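Undergrad: no letters, just coordinates:
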């Protein structure tokens with residue numbers, strides 16, 4: 001079994017690669033496939049991490065906090081990408097959003113395909 005330092009370092013490398021793939025995913029479709037692979041590799045590493053004791057993990061708290069920061073950055077990048085894609089679809093399909101008194105969002109408007117020419 002690998003030691004904790006090695007496993008944490010592998011996870012850090014994966015998170016950094018994931019960040020690059022997220023940044024490039026809108027212009028390079030091959031990044032999407034790599035993101036799926038990275039997700040599987042991260043799950044395998046997290047499974048290995050679960051085998052270490054709490055005491056061992058507390059000794060590496062700085063590295064764990066660094067990984068948490070990378071994870072947070074990647075999550076924010078993904079959210080920004082999704083918002084960008086949503087804005088593109090709204091611009092193309094000219095959808096409008098209305099808010100009901102209950103706070104739910106309703107989209108309406110003509111889609112690009114349903115437009116009269």
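TA: Now that the structure is in, tell me what you want to look at. Computed from a prediction, not measured in an experiment: that's the story for all the values here. Residues are numbered from 1 along each chain as shown.
Undergrad: for the protein, which segments are assigned as helices?
TA: For the chain, the helices defined by DSSP state H cover 4-24, 30-49, 54-59, 61-93.
Undergrad: deepest-packed of these, please.
TA: helix 4-24 (a mean of 16; mean count of other Cβ atoms under 10 Å). Placement of C-beta: from N, CA and C, glycine included.
Undergrad: could I get the helices of the chain as TSV with mean pLDDT?
TA: Putting the helices of the chain into TSV (pLDDT from 0 to 100) gives the following:
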stretch	mean pLDDT
helix 4-24	95
helix 30-49	93
helix 54-59	92
helix 61-93	91
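Undergrad: got TSV for the ones you listed, with distance to residue 102 too?
TA: Shown next, in TSV, are the helices of the chain (distance: least, Cβ to Cβ, whole Å):
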stretch	distance to residue 102
helix 4-24	34
helix 30-49	35
helix 54-59	44
helix 61-93	22
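Undergrad: out of those helices, nearest to residue 100?
TA: With Cβ to Cβ as the criterion, residue 100 lies closest to helix 61-93 of the helices of the chain, at 18.6 Å.
Undergrad: just list what the closest one packs against, helices and strands only.
TA: With contacts taken as 3 or more Cβ pairs under 8 Å, 6 or more residues apart in numbering; DSSP states H and E, helix 61-93 sits against helix 4-24.
Undergrad: who touches the helix it packs on?
TA: By Cβ atoms under 8 Å, 6 or more residues apart in numbering, the surrounding residues in contact with helix 4-24 are 2, 31, 34-35, 38, 41-42, 45-46, 48-49, 52, 56-57, 59-60, 63-64, 66-67, 70-71, 73-74, 77-78, 81.
Undergrad: returning to what we had before: please identify which of the helices of the chain is closest to residue 101.
TA: Between residue 101 and the helices of the chain, the shortest gap by Cβ to Cβ is with helix 61-93, which sits at 22.8 Å.
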